[in-house]
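[1] the sequence isn't on hand, but the structure is:
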């Protein structure tokens, strides 16, 4: 798959069609814009896997490779620090630092196949971009639970 095909696949996966309908059959464009994005994100977070093993292996190689184990070990070591950085910036009201921390968490979660964590970090970033700081803080409360679930899934994966 070429670079353009990967970019197109990423775009389609992360930016759904604008005229999709909701479960009630109402066109998304008919809904007030305030909750449209977060509602979609929260639904995607709820259904996303904690760990996508295939995406992790695309980034790092097979379970038997040194690169895989090096990445997973570093990822597990850095994960609490990345989550804490988001929380710390949000607690002091440093919105720009919180956005950067959320983007960093999203990127590393993407590389690590941590789907739920990536989507949560993306939602925090989107909320901060649009000035919904209180909602970003609410979403950040979910990060620790997701990080704990992810750490458990990674430990089970590497124990095989």
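    Good, I have the coordinates. Everything numeric in this text was worked out from a predicted model, so none of it was measured. Numbers count the residues shown, from 1 in each chain.

[2] only C-alpha atoms from now on, for both contacts and neighbour counts.
    Will do.

[3] all strands for the chain, in order.
    Counting by DSSP state E, the chain has no strands at all.

[4] where does pLDDT dip in it?
    1-39, 160 (pLDDT under 70).

[5] would you point out which residue is most central in it?
    residue 118 (1.0 Å; Cα atoms, centre = their mean).

[6] contact partners for the closest residue in space to that one that isn't next to it in sequence?
    Once flanking residues are discounted, residue 118 sits nearest to residue 106: 4.4 Å by Cα to Cα, 6 or more residues apart in numbering. Residue 106 is in contact with 117, 118, 119, 120, 121, 122, counting by Cα atoms under 8 Å, 6 or more residues apart in numbering.

[7] what do you get for residue 114?
    Contacts for residue 114 (Cα under 8 Å, 6+ apart) come out as 49, 50, 51, 52, 150.

[8] quick check, nearest of those to residue 76?
    Distance to residue 76, by Cα to Cα, is smallest for residue 150 among the contacts of residue 114, at 9.0 Å.

[9] that older thread, measure the residue nearest to the centre of the chain to residue 139 for me?
    Look at residue 118 and residue 139: by Cα to Cα, to the nearest Å, they are 12 Å apart.

[10] same thing with residue 52?
    Distance of residue 52 to residue 139, computed by Cα to Cα: 21 Å.

[11] check residue 46 too.
    From residue 46 over to residue 139 (counting by Cα to Cα), the distance is 12 Å.
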